[in-house]
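Student: I'd like to go over a predicted model; first the sequence, then the structure.
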Amino acid sequence: MTQTIEQAVDYSKLKVVATRIFAAPRALVFRMWTDPAHVARWWGPHGFTNPVCRIDARAGGAIHIDMRAPDGTVYPMSGTFREVVAPERLSFASAALGDDGKPMFETLTTVTFSERDGQTTQTLEAKVLWLTPGAERYLGGMEQGWMETLERLAAEVSAQ
Amino acid sequence: MIRSMARLATTSDAFNAVAEPQRREILGLLSHGERSVNDIVEALGLRQPQVSKHLRVLREVGLVSVRGDGKQRLYSLAGVGLKPIHDWVKTFEQCWNERLDRLAEYLNEVQEQEKSK
């Protein structure tokens, strides 16, 4: 049996990094993430609305957003803030659900804001945190080890 | 986009397989080249039945493949099994990009409104 190896797949990317520069002071950009009235206006894909948007922007505080698709389907998102340092940095964790409706893993989203000459550089990093019992020891240093494993995987796969 | 985030049916198996820390260790070892069960047992200090069980799970979801017979069976990575995970990350990335586009547009609106005050 032969298996197709997907050459284009970059297995090292088990996280997403997105940097944006806004012509706005960072206090304002930060508020876009912590004021529910603002968040409700931009969260989700184009055409979606957010009829429920609750944000308690402090460490341990909850974030809950119900995204409503143009066809009326509602996609709820719940999470917890890990860190909120106005106007520099915030992070929150939320669960990704599998087909059985149970959490498969958490995603940790960290957003940092830096200001220079009235412009704000916003860097977003969203990555997978595994929930498996015993996985705690893999967070921190071991999480890095796993990223390296994936990079080696990528090299291995390309070499074949 | 969000719809595909909600529809993760095909990815759970691969994600569940990879979520287990010992299975990630096995994948890490195999990323250096093919290994026999005994190689894995020795390298990771795990028990043989446990390793065999993990390898069976990894094979079932297409994360590793095997060649040879009996004690000569050698296990190696199968890239195809990681594709569902890659696809999920890709969708996740597109979701964030679309959301951030909207944030940029909305931020412009807010600033225009503040200027006209």
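Tutor: Now that the structure is in, tell me what you want to look at.
Student: From now on I want contacts and neighbour counts done on CA atoms only, so please keep to that.
Tutor: OK.
Student: For the spatially most central residue of chain B, give its distance to chain A.
Tutor: Nearest to the mean C-alpha position of chain B, by Cα atoms, centre = their mean, lies B:I85 at 4.0 Å. In this view, B:I85 and chain A are 8 Å apart by Cα to the nearest Cα, to the nearest Å.
Student: is it true that that residue touches B:F15?
Tutor: Yes. Applying Cα atoms under 8 Å as the test, B:I85 and B:F15 come out as touching, 6.7 Å apart.
Student: overlap in contacts of these two?
Tutor: Common contacts of B:I85 and B:F15 (Cα atoms under 8 Å, 6 or more residues apart in numbering or on different chains): none found.
Student: Chain B: helices as residue ranges?
Tutor: Per DSSP state H, chain B carries helices over the ranges B:2-6, B:12-19, B:21-30, B:37-44, B:48-60, B:83-116.
Student: In JSON lines: these, plus mean pLDDT.
Tutor: Converted to JSON lines, these look like this (pLDDT from 0 to 100):
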{"stretch": "helix B:2-6", "mean pLDDT": "43"}
{"stretch": "helix B:12-19", "mean pLDDT": "77"}
{"stretch": "helix B:21-30", "mean pLDDT": "84"}
{"stretch": "helix B:37-44", "mean pLDDT": "95"}
{"stretch": "helix B:48-60", "mean pLDDT": "93"}
{"stretch": "helix B:83-116", "mean pLDDT": "87"}
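Student: low-scoring stretches of chain A, by residue?
Tutor: Within chain A, the segments meeting pLDDT under 70 span A:1-14, A:97-102, A:130-160.
Student: Let's see that with 50 instead.
Tutor: Within chain A, the segments meeting pLDDT under 50 span A:1-13, A:133-144, A:156-157, A:160.
Student: all strands for it, in order.
Tutor: A:15-22, A:49-55, A:62-68, A:74-85, A:89-97, A:103-116, A:119-130 (DSSP state E).
Student: Give the burial count for residue 92, as a bare number.
Tutor: By default, I'm working from chain A. A:F92 is flanked by 25 other residues according to other Cα atoms under 10 Å in any protein chain shown.
Student: meant chain B actually
Tutor: If you count neighbours by other Cα under 10 Å, B:F92 ends up with 20.
Student: Please apply the same query to the one 3 residues further on.
Tutor: With neighbours defined by other Cα under 10 Å, the count for B:C95 comes to 18.
Student: Could you check how far it is from B:A19?
Tutor: Using Cα to Cα, to the nearest Å, B:C95 is found at 23 Å from B:A19.
Student: same question, B:L74
Tutor: Using Cα to Cα, B:L74 is found at 23 Å from B:A19.
Student: do A:F48 as well
Tutor: Note on A:F48: its distance to B:A19, by Cα to Cα, is 32 Å.
Student: for A:R89, same thing?
Tutor: 28 Å.
Student: Pull out the buried residues from stretch A:50-69.
Tutor: Using 16 or more other Cα atoms under 10 Å in any protein chain shown as the test for burial, stretch A:50-69 gives A:50, A:53-55, A:57-58, A:62-69.
Student: same thing with stretch B:58-69?
Tutor: Buried residues in stretch B:58-69, counted by 16+ other Cα under 10 Å: B:L58, B:R59, B:V61, B:G62, B:L63, B:V64, B:S65, B:V66.
Student: okay, now A:D117: neighbour count?
Tutor: If you count neighbours by other Cα under 10 Å, A:D117 ends up with 8.
Student: Roughly how far does it sit from chain B?
Tutor: With Cα to the nearest Cα as the criterion, A:D117 and chain B are 17 Å apart.
Student: show me what contacts the residue nearest to B:L58 when sequence neighbours are not counted?
Tutor: Of all residues not flanking B:L58 in the chain, B:V64 sits nearest, at 5.7 Å (Cα to Cα, 6 or more residues apart in numbering or on different chains). B:V64 makes contact with B:L55, B:L58, B:Y75, B:S76, B:L77, B:A78, B:G79, B:G81, according to Cα under 8 Å, 6+ apart.
Student: same deal with B:R35?
Tutor: Shown in contact with B:R35 (Cα under 8 Å, 6+ apart): B:L74, B:Y75, B:S76.
Student: want to throw these into a markdown table with distance to A:V17, pLDDT and neighbour count?
Tutor: Below are the contacts of B:R35 laid out as a markdown table (distance: Cα to Cα, whole Å; pLDDT from 0 to 100; neighbours: other Cα atoms under 10 Å in any protein chain shown):
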| residue | distance to A:V17 | pLDDT | neighbour count |
| --- | --- | --- | --- |
| B:L74 | 37 | 95 | 18 |
| B:Y75 | 33 | 95 | 20 |
| B:S76 | 30 | 90 | 21 |
